[in-house]
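Chemist: what follows is a predicted protein model with its sequence.
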Amino acid sequence: MKIMVTGGAGYIGGTVAGLLLERGHQVVVVDNLCHAQRAMVPAGVTFVEADVADRATIEGLFRAATNENASFDGVLHFAALIEAGESMQKPEIYFRNNTASTLALLEAMHACGPKRLVFSSTAAVYGEPEVAPIPETAKLAPTNAYGESKLLTEYILPWFHRVHGLRSASLRYFNVAGAPEVGGKGSGVIVRGEAHEPESHLIPLILDVALGRRKSIKIFGDDYPTPDGTCIRDYIHVSDLADAHLLALEALESPRAAEHRLIYNLGNGSGFTVRQVIDSVRRVTGHSIPVEECPRRDGDPAVLIAASEKAIAELGWKPQYTQIDDIIRTAWVWHQQRHAS
């Protein structure tokens, strides 16, 4: 297949682009590099520096491919701003970059592009959940503008399906971590990993402490209704997430996708507190990790754990990295390589 990967210079998009390439697909990455690095785009992938909000450019790519008898078969859409905390300070840029930009992409797809889209959504659409693990049928009530910007797109997609025949799958996941191992789990061969500019994700920040690049790790809130007072999150390895995106793309050919939009949670089904993640890094790295207690951040739910049975049953998805130490082990290898060079 020929696939467009938006945001493919980022951590998740770059991993998925690499997996597509390994499996023999033709990949075109579109990224504006606002929070990504050109070096994260896998070798052998066609790269276009552009914003998905630039409808003329995206349509131009679709039309050129069609004219060359090499039309795109689908779009995997990762391009978005992802910082929940920032979204509570600057909600306007999240609605512009996440919701409005996706609408421009959908308009371009309707005008002259493929009719299959896998949308990178988030468990943040659920907000403060009433039950855990969270099923796909749970109430949608985001507690931050980031989650709301993704949810607004999810509201748009059924109408494009109903009116324009666009088939889509929304994959809701929360904390993605780890680094892909070339050749599969246990190979230890790692060529890319998690790197954001600026970095705000918990595991890379803790690993920076282990590397001596930071003095301590901040814990935002220690009075949540959890076993140790810190937030609980469900961590999923980036390679498992990449597998799910390819399976979802294939599922868009199914009769089910012809009738309904596909929605799947992706996670391990078990959560870890912030302190448990810190303890895991201590075990994996052998380093002491000093902590700094800080007040809660606005919009942080106490517990987010995704129920993933539906994806396992309908997509045939089989996560390989289910232990937090295994996830952190791969991330640690990547971070040591990255900062040694």
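Modeler: Now that the structure is in, tell me what you want to look at. Keep in mind that this is a model prediction, so the values were computed, not measured.

Chemist: measure how far the helix or strand of the chain with the lowest mean pLDDT is from the centre of its chain, please.
Modeler: None of the helices or strands of the chain scores lower by mean pLDDT, DSSP states H and E than strand 303-304, at a mean of 85. In terms of CA atoms, centre = their mean, to the nearest Å, the centre of strand 303-304 is found 17 Å from the chain centre.

Chemist: so where do the strands sit in the stretch 1-150 of the chain?
Modeler: Secondary structure of the stretch 1-150 of the chain (DSSP state E, counting those that start in this stretch): strands at 2-6, 26-31, 46-49, 74-77, 116-120.

Chemist: what lies in contact with the last one?
Modeler: Meaning strand 116-120. Strand 116-120 has contacts (CB atoms under 8 Å, 6 or more residues apart in numbering) with 7, 12, 73-78, 80, 102, 106, 109, 153-154, 157, 166-171, 245, 248-249, 252-253. Where C-beta positions appear, they are placed from N, C-alpha and C, glycine not excepted.

Chemist: again with stretch 37-55
Modeler: The contact list for stretch 37-55, computed with CB under 8 Å, 6+ apart, reads 5-6, 8-11, 14, 17-18, 21, 26-33, 57-58, 61, 77, 79, 96-97, 100-102, 104-105, 107-108, 192, 195, 197.

Chemist: where do the helices of the stretch 1-150 of the chain begin and end?
Modeler: If DSSP state H, counting those that start in this stretch is used as the criterion, the helices of the stretch 1-150 of the chain fall at 11-22, 55-67, 84-87, 91-94, 101-112, 145-164.

Chemist: now, of the ones you listed, which is deepest in the fold?
Modeler: helix 11-22 (a mean of 24; mean count of other CB atoms under 10 Å).

Chemist: tilt between it and strand 116-120?
Modeler: 140 degrees (axes from the mean of the first three to the mean of the last three CA atoms, to 10 degrees).

Chemist: what pLDDT, on average, does helix 11-22 get?
Modeler: Averaged across helix 11-22, the pLDDT comes to 91.

Chemist: quick one, it and strand 26-31 angle?
Modeler: Using the same axes, to 10 degrees: helix 11-22 against strand 26-31 is 160 degrees.

Chemist: what helices or strands is helix 11-22 leaning on?
Modeler: Judged by 3 or more CB pairs under 8 Å, 6 or more residues apart in numbering; DSSP states H and E, helix 11-22 is in contact with strand 2-6, strand 26-31, helix 238-251.

Chemist: work out the gap between it and the centre of the chain.
Modeler: How far helix 11-22 lies from its chain's middle: 12 Å, per CA atoms, centre = their mean.

Chemist: can we start the residue count at 340 from this point?
Modeler: Noted, 340 is the first residue going forward, which turns the last one into helix 350-361.

Chemist: how close does residue 464 sit to residue 441?
Modeler: To residue 441, residue 464 is 14 Å away according to CB to CB, to the nearest Å.

Chemist: er, residue 467 I mean
Modeler: 25 Å.

Chemist: with residue 507 instead?
Modeler: Distance from residue 507 to residue 441, by CB to CB: 11 Å.

Chemist: make a markdown table from the strands of the stretch 340-489 of the chain and add mean neighbour count, distance to residue 556 and mean pLDDT to it.
Modeler: Below are the strands of the stretch 340-489 of the chain laid out as a markdown table (neighbours: other CB atoms under 10 Å; distance: least, CB to CB, whole Å; pLDDT from 0 to 100):
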| stretch | mean neighbour count | distance to residue 556 | mean pLDDT |
| --- | --- | --- | --- |
| strand 341-345 | 26 | 32 | 97 |
| strand 365-370 | 24 | 29 | 97 |
| strand 385-388 | 15 | 34 | 97 |
| strand 413-416 | 27 | 32 | 98 |
| strand 455-459 | 27 | 27 | 98 |
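
Chemist: dump the ones you listed into a markdown table; add distance to residue 601 as well.
Modeler: Putting the strands of the stretch 340-489 of the chain into a markdown table (distance: least, CB to CB, whole Å) gives the following:
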| stretch | distance to residue 601 |
| --- | --- |
| strand 341-345 | 17 |
| strand 365-370 | 22 |
| strand 385-388 | 27 |
| strand 413-416 | 13 |
| strand 455-459 | 9 |
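
Chemist: re the thing from before, mind putting the helices of the stretch 340-489 of the chain in TSV, distance to residue 548 included?
Modeler: Converted to TSV, these look like this (distance: least, CB to CB, whole Å):
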stretch	distance to residue 548
helix 350-361	20
helix 394-406	40
helix 423-426	19
helix 430-433	29
helix 440-451	34
helix 484-503	25
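
Chemist: any regions of this structure where pLDDT drops low?
Modeler: Within the chain, the stretches with pLDDT under 70 are 535-537, 638, 680.

Chemist: domain parsing of it, as residue ranges.
Modeler: With domains defined by automatic domain parsing, the chain comprises 341-516+574-605, 541-572+608-679.

Chemist: quickly compare the ones you listed and say which is most buried.
Modeler: The most buried one of the domains of the chain (mean count of other CB under 10 Å) is domain 341-516+574-605, showing a mean of 20.

Chemist: how far does that domain stretch from start to finish?
Modeler: End-to-end span of domain 341-516+574-605 (CA to CA, to the nearest Å): 25 Å.
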